[in-house]
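Chemist: Provided below for reference: sequence and predicted model.
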Amino acid sequence: MGLPILDVAIGLSFIYLLLSLVCTSVNELLAGAMNQRGKFLKLGVERLLSGETELKERLYKHPLIEGTTAKGSSRLPAYISSKRFAVVLLDEISGPDGSRMKMDDLKRGIEGLKSSEFKTALKALIPETMTDAFQAHEVIEEWFNEGMDRVSGWYKRHTQIYVVLLAAVVTLGLNADSLHMARVLWVNPTLRAQLVDAASVRLEKDRPEEMLPLVEYPDPDDPTKSVAVNIGRAALSPAEQDLLTQVMGWDGKSPADGPLSLFALVLGWLMTIAALALGAPFWFDTLKRFMNIRNTGRSPVEARDKAA
Amino acid sequence: MQRILALLLCLSLCDSAIGGIVILKRAWVKKFKDRATIEAKFVIEHSHSSPNSNKKDGDLHFAGQAEREIGLPAVAELVNARKAFSKPAVQFIKDSAGTGTEVDLHGVWRLWFEHPAHSQTQFATFGIAKNTNPDHSFEVHPVLKVGGIDLSESFDFIPDFAGHDAKKAFNFYNSLKITVRASATAVTMDAKKSVFNYTTYGMVLTGKPKKLVDGGIAVFADVENEEDEDDPLARGIRMIFAPGTAGAKLITGKVAGDKFVAIGIPRVNLNAIEAAIRVSGTQQFTSSLPYEMIVVGIKAAE
């Protein structure tokens, strides 16, 4: 057995890792269900078109864009290739009687735009001196790609906010009070030891967010015989779920019986939310460090036992 | 409490991804998962007027379709197209482009999300390519034979062309993910745009080479890490050799531990995809993108 304080730290890190895994998975599910990527893409397109609302609507109704989603679906496309965007935008700008491959039609269309801001932007991209419609397509593609890089940044930041909100929901939903959990671990050496063992098992798995392989090839001399692995794997094993229920949860009684304990409860929740916001990879690495310290500091007898 | 946890855990089985989507027929995946190459009657719609400079990669690109064998917008690439032995093939390709006639094409099939369209369904109807680089995720690259002209000699290192740095390229390949969903007849693959075409790398065999159905060869190898020999850049990657090439001859009979330097291009490992969808049923899953390397040129390590 290691130092009790170190084992408590390992236990808490392990709990944070498991809860973070749950938060990450739910967050990805919600992002998909709520079509967040599609919404962010639309927001990015809106920014690029700076106020050309009608043009934006026409872009999204263009068969080349609308056709990328399932028929009858109200979902926004989550991805538009830069080539497709350039074709559709220039097609719309050149108008139904013009051609996106004729510079005169494009320039006339740009002059007819309502938003002066967007008109200025397009004139900078497609100056009067430009005579090649292919070049016009290329600069629009490049401009779209740069805009989409910004959208990726917004999306990542937005996702981080969601993770914090989810951390709060999971913490309150499971009554994951860090102070209470630390106390339970401190006074219960058996549970502490179980958590440390389970943490060792977890550390043998891949680091969170590192994608897992689909298959394994059991015979190194036969590259055609593969066995599927990691399909439909639950984020937490039944043993891990069981351990979580032993250190947190609602038991029907009020978790606080006075102002001081209420303060401690809220503080414990906030500590958990802050911990979960750091993400599963952080807690995986932290857990690994604690385990390394524990293994380094093991007594010679214990080390020999473990090795045997 | 346990109900909440169970609900959250059920939700955690789902995932999503964005990027180019390719929908292949399951029967096609099963047929080609362990073949290096594909043979097709190919209609060349557009061709480069001349090969890329060797400094770029020395390839000649031509776009077209093979509606019966491939069923997707495709681009074929002839490697070492500037070399003298490639001249008849280059001329043949240029002469055939835009004529609408079917030509015999044999080469390494390559599914890779380098120029993805939003969605392409195999054996649907596609318009004619507008240039040599339409939105596509399917290539015949490198070409082994076109119009009966043998190009197996072109499977070699490219003069004056170094290829991408192994560390950067393999770190990128290892970071890719793919979302897969299968039905009874089709498999949908969704992945982000992928880059790093030609990569030069050291490899150590970890098994014996095995002959594939079409005469090609597959062998497992670790990709060497120059900075730390105990920590390969990638482990147990399937290395694919086209039949009849110098590389296929060189690798035959070699054993685990033999070391080589190679230049190769990645493609989706359909053997892994097919094994996974047999287990997943219709459940969607996301995982690291299983890839394998098409070995274009190879020599024994010094």
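Modeler: Sure, I can see it. Numbers count the residues shown, from 1 in each chain, chains lettered A, B, ... in the order given.
Chemist: tell me the SS of B:Pro232?
Modeler: coil (DSSP: H, G, I helix; E, B strand; the rest coil).
Chemist: That one - how many residues pack around it?
Modeler: 19 (other CB atoms under 10 Å in any protein chain shown). Glycine gets a C-beta too; all of them are placed from N, C-alpha and C.
Chemist: Apart from its chain neighbours, what residue comes closest to it?
Modeler: Take B:Pro232 and drop its neighbours on the chain: the residue closest to it by CB to CB, 6 or more residues apart in numbering or on different chains is B:Asp222, 4.0 Å away.
Chemist: Show me the beta-bridge partners of the one you found.
Modeler: B:Val204 (DSSP bridges).
Chemist: Enumerate every residue touching it.
Modeler: B:203-204, B:206, B:232, B:234-237 (CB atoms under 8 Å, 6 or more residues apart in numbering or on different chains).
Chemist: again with B:Ile240
Modeler: Counting by CB under 8 Å, 6+ apart, B:Ile240 touches B:36, B:108, B:212, B:216-218, B:267, B:292-295.
Chemist: Check it and give its pLDDT.
Modeler: Model confidence at B:Ile240, given as pLDDT, is 98.
Chemist: Tell me the secondary structure of it, please.
Modeler: The three-state label given to B:Ile240 by three-state DSSP is strand.
Chemist: State the next helix or strand along the chain beyond the lengthiest helix in chain A.
Modeler: With secondary structure taken from DSSP state H, chain A has its longest helix at helix A:133-174. Counting by DSSP states H and E, the next helix or strand C-terminal to helix A:133-174 is helix A:178-187.
Chemist: Identify the residues contacting that following helix?
Modeler: Taking CB under 8 Å, 6+ apart as the rule, helix A:178-187 contacts A:4, A:7-8, A:11-12, A:15, A:191-192, A:195, A:246-248, A:255, A:264-265, A:267-269, A:271-272, A:275.
Chemist: Now intersect those with the helices, please.
Modeler: A:4, A:7-8, A:11-12, A:15, A:191-192, A:195, A:246-247, A:264-265, A:267-269, A:271-272, A:275.
Chemist: List buried members of the residues you listed by neighbour count.
Modeler: Among the ones in helices among the contacts of helix A:178-187, those classed as buried by 16 or more other CB atoms under 10 Å in any protein chain shown are A:7-8, A:11-12, A:15, A:192, A:195, A:247, A:264-265, A:268-269, A:271-272, A:275.
Chemist: Considering the residues you listed, which is situated nearest to B:Pro51?
Modeler: A:Ala275 (57.4 Å; CB to CB).
Chemist: for B:Asp59, phi and psi?
Modeler: Dihedral pair for B:Asp59: phi -90, psi 150, per degrees, to the nearest 10.
Chemist: Just give me the neighbour total for it.
Modeler: Neighbour number of B:Asp59 under other CB under 10 Å is 25.
Chemist: For it, which non-adjacent residue is closest in space?
Modeler: Counting by CB to CB, 6+ apart, B:Glu77 is the residue found nearest to B:Asp59 once chain neighbours are left out, at 4.6 Å.
Chemist: would you say the one you found is within a strand?
Modeler: Yes: judged by three-state DSSP, B:Glu77 forms part of a strand.
Chemist: residues near it, how many?
Modeler: Counted with other CB under 10 Å, B:Glu77 comes out at 24.
Chemist: Over to A:Ala277?
Modeler: Neighbours of A:Ala277 using other CB under 10 Å come to 18.
Chemist: sorry, back to before: now render the contacts of B:Asp222 as TSV, adding pLDDT.
Modeler: Output for the contacts of B:Asp222, formatted as TSV (pLDDT from 0 to 100):
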residue	pLDDT
B:Met203	97
B:Val204	96
B:Thr206	95
B:Pro232	94
B:Ala234	94
B:Arg235	93
B:Gly236	93
B:Ile237	96
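Chemist: Check these for burial and list the buried ones.
Modeler: For the contacts of B:Asp222, a burial check counting by 16+ other CB under 10 Å picks out B:203-204, B:206, B:232, B:234, B:236-237.
Chemist: Between the residues you listed, which sits nearest chain A?
Modeler: Taking CB to the nearest CB as the measure, chain A lies nearest B:Thr206 of the buried ones among the contacts of B:Asp222, at 5.4 Å.
Chemist: The closest one against B:Pro232, yeah?
Modeler: No: checked against CB atoms under 8 Å, the pair B:Thr206 and B:Pro232 is beyond contact range at 9.4 Å.
Chemist: mind checking how far B:Arg238 is from B:Ser175?
Modeler: In this view, B:Arg238 and B:Ser175 are 19 Å apart by CB to CB, to the nearest Å.
Chemist: and the stretch 51-200 of chain A, which residues reach chain B?
Modeler: Neighbours of chain B within the stretch 51-200 of chain A, by CB under 8 Å from any CB of the partner chain: A:68, A:77-81, A:83-84, A:170, A:173-175.
Chemist: By mean pLDDT, flag the weakest helix or strand of chain B.
Modeler: Between all helices and strands in chain B, the lowest mean by mean pLDDT, DSSP states H and E belongs to helix B:2-11, at a mean of 50.
Chemist: in the helix or strand following that helix, what's buried?
Modeler: Counting by DSSP H and E, the next helix or strand C-terminal to helix B:2-11 is strand B:20-25. Going by neighbour count (16+ other CB under 10 Å), the buried part of strand B:20-25 is B:20-24.
Chemist: Then stretch B:56-67?
Modeler: Within stretch B:56-67, judged by 16+ other CB under 10 Å, the buried ones are B:57-66.
Chemist: and the residue located most distally from the centre of chain A, what pLDDT?
Modeler: Each residue of chain A has a distance to the centre, and by CA atoms, centre = their mean the biggest one is for A:Asp104: 45.1 Å. What the model reports as pLDDT for A:Asp104 is 91.
Chemist: Equivalent analysis for B:Ser154, please.
Modeler: We have a pLDDT of 97 for B:Ser154.
Chemist: same check, this time on B:Gln91
Modeler: So, for B:Gln91, pLDDT stands at 97.
Chemist: can you pull the contacts of residue 208?
Modeler: Going with chain A. A:Pro208 neighbours (CB under 8 Å, 6+ apart): A:17, A:20-21, A:24, A:279-281, A:284.
Chemist: Can you look at chain B instead?
Modeler: Counting by CB under 8 Å, 6+ apart, B:Lys208 has contacts A:220-221, B:219, B:254-256.
Chemist: which one of those is nearest B:Ser50?
Modeler: Among these, and counting by CB to CB, the member closest to B:Ser50 is B:Val219, at 35.3 Å.
Chemist: Contact partners for that closest one?
Modeler: Here B:Val219 is in contact with A:223, B:205, B:207-210, B:238-239, B:241, B:251, B:254 (criterion: CB under 8 Å, 6+ apart).
Chemist: how about 7 Å then?
Modeler: By CB atoms under 7 Å, 6 or more residues apart in numbering or on different chains, the residues touching B:Val219 are A:223, B:205, B:207-210, B:239, B:251.
Chemist: By neighbour count, which of those residues wins?
Modeler: Result: A:Pro223 is most packed of these (other CB under 10 Å), 28 neighbours.
Chemist: Surely it is in a helix?
Modeler: No: looking at A:Pro223 with three-state DSSP, it is coil, so not inside a helix.
Chemist: ranges for the helices of the stretch 151-300 of chain B?
Modeler: Secondary structure of the stretch 151-300 of chain B by DSSP state H, counting those that start in this stretch: the helices cover B:166-175, B:246-251, B:270-280.
Chemist: Quickly compare those and say which is most buried.
Modeler: Among those, ranked by average contacts under mean count of other CB atoms under 10 Å in any protein chain shown, first place goes to helix B:270-280 (a mean of 22).
Chemist: could you give me the average pLDDT of that one?
Modeler: Helix B:270-280 carries an average pLDDT of 92.
Chemist: how about low-confidence regions in the chain?
Modeler: Reading this off chain A. Within chain A, the segments meeting pLDDT under 70 span A:1-2, A:28-29, A:31-35, A:67-75, A:206, A:209-212, A:230-235, A:297-308.
Chemist: Oops, wrong one, chain B.
Modeler: If you take pLDDT under 70 as the line, chain B has these spans: B:1-19.
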